[in-house]
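J.: I need the structure of the sequence given here:
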Amino acid sequence: MTDTSLIQLEGIQKIFFTDEIETWALDEIHLKISEGEYVSIAGPSGCGKSTLLSVMGLLNSSTDGQYFLDGEDVASLNSSEQARVRNRQIGFIFQAFNLIGDMTVFENVELPLTYRKELKRKERKEKVQEALEKVDMAHRMKHFPSQLSGGQQQRVAIARALTGDPKVLLADEPTGNLDSKNAQIVMDLLGDLHKQGSTICMVTHDPRSALQAQRQITLFDGKIVDDQPTSNLRLETEVLTSLPS
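T.: Residues are numbered from 1 along each chain as shown. Model (predicted):
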């Protein structure tokens, strides 16, 4: 049964089998994310954060459970149908940028749109231009990734994620390869996109980045152990830092 949540996970499990050993990466995950929410997923290394994001992005299938995206049971779709959902409804932002080195900025951002046969060249160009303008990289559209800084490459990667007008942006450690200055620029950009209506789900190990979301989900050993507004966590942090040493 679905509700009005944009993302709804019901009893999601992910088990990896190696040499007769079971590793439970995700254990009975129940999670709802509404349209327009900005959610961070936190927890120690190896707790299942990236696995959860990959299941939500249909990059990895769950072992058990149901996954509804905008009311559709996407976990039950075949691989080609899931690929179509990924292309049209999900935007990905990766820690390593994942830009193609021998393609220009424009070509990298346009790439997801080339799989949409109904879009004409002019329409694709307009969408790419609009996405690059949102991240302030339109002036670099003829450059190659090697000619850009790490922060600029991540902004291009965000433009690529935006260009297909996805229902949700999934960001996996988006500041992990950046220095503190560029990390803050990227976080400010994600904050602006959220204010403009984007739904964002972000995995991060950085407590400061996590607190910039509206809501923080904490995983431990593949289970959700905490789920609360970040306003509560910010208040706790302020109280602790104000206590005398």
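
J.: does the residue nearest the centre of the chain have beta-bridge partners, and which?
T.: Centrality entry for the chain: nearest residue to the mean C-alpha point is residue 170, 1.3 Å, by CA atoms, centre = their mean. Residue 170 has these beta-bridge partners by DSSP bridges: residue 92, residue 201.

J.: Which residue ranges of the protein form strands?
T.: In the chain, the strands defined using DSSP state E lie at 7-18, 21-33, 38-42, 64-69, 72-73, 90-94, 168-172, 200-203, 215-220, 223-229.

J.: pLDDT below threshold where in this structure?
T.: Where the chain drops to pLDDT under 70, the residues are 1-3, 234-245.

J.: you'd agree the residue nearest to the centre of the chain is up against residue 86?
T.: No: contact criterion CB atoms under 8 Å: residue 170 and residue 86 do not qualify, at 10.0 Å. To be clear about C-beta, it is placed using only N, CA and C from the backbone, and glycine gets the same treatment.

J.: Show me the contact partners of the longest helix that the chain contains.
T.: Scanning the chain for the helix with the most residues, using DSSP state H, yields helix 180-195. Helix 180-195 has contacts (CB atoms under 8 Å, 6 or more residues apart in numbering) with 36, 38, 134-135, 149-151, 154-155, 158, 162, 169, 171, 174-175, 178, 200, 202, 206, 209, 212, 214.

J.: I'd like to check the angle between that helix and strand 168-172, please.
T.: Between the axes of helix 180-195 and strand 168-172, defined by axes from the mean of the first three to the mean of the last three CA atoms, to 10 degrees, the angle is 160 degrees.

J.: got the buried residues for helix 180-195?
T.: Buried residues in helix 180-195, counted by 16 or more other CB atoms under 10 Å: 182-187, 189-190, 193-194.

J.: Kindly report the same for stretch 126-138.
T.: Buried-residue list, stretch 126-138, by 16+ other CB under 10 Å: 127-129, 131-132, 134-135, 137-138.

J.: And stretch 206-219, end to end?
T.: This stretch, stretch 206-219, spans 14 Å end to end (CA to CA, to the nearest Å).

J.: Give me the residues contacting it.
T.: Residues from elsewhere that reach stretch 206-219, judged by CB under 8 Å, 6+ apart: 31, 37-43, 47-49, 52, 175, 183, 187, 190-191, 194, 200, 202, 204, 224-230, 233-234, 237.

J.: gap between stretch 94-105 and the chain center?
T.: Stretch 94-105 sits 16 Å away from the centroid of its parent chain (CA atoms, centre = their mean, to the nearest Å).

J.: Could you do stretch 148-156 as well?
T.: 17 Å.

J.: Same question for stretch 187-202.
T.: In this view, stretch 187-202 has its centroid 10 Å away from the chain centroid, taken as CA atoms, centre = their mean.

J.: Is residue 199 in contact with residue 169, as I believe?
T.: Yes: using CB under 8 Å, residue 199 is in contact with residue 169, at 6.9 Å.

J.: JSON lines please, covering the strands of the chain and showing distance to residue 109.
T.: Listed next are the strands of the chain as JSON lines, based on distance: least, CB to CB, whole Å:
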{"stretch": "strand 7-18", "distance to residue 109": "25"}
{"stretch": "strand 21-33", "distance to residue 109": "26"}
{"stretch": "strand 38-42", "distance to residue 109": "23"}
{"stretch": "strand 64-69", "distance to residue 109": "23"}
{"stretch": "strand 72-73", "distance to residue 109": "27"}
{"stretch": "strand 90-94", "distance to residue 109": "11"}
{"stretch": "strand 168-172", "distance to residue 109": "14"}
{"stretch": "strand 200-203", "distance to residue 109": "19"}
{"stretch": "strand 215-220", "distance to residue 109": "29"}
{"stretch": "strand 223-229", "distance to residue 109": "34"}
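
J.: nearest to residue 58, of those?
T.: Checking the strands of the chain against residue 58 by CB to CB gives strand 90-94 as the closest, at 6.9 Å.
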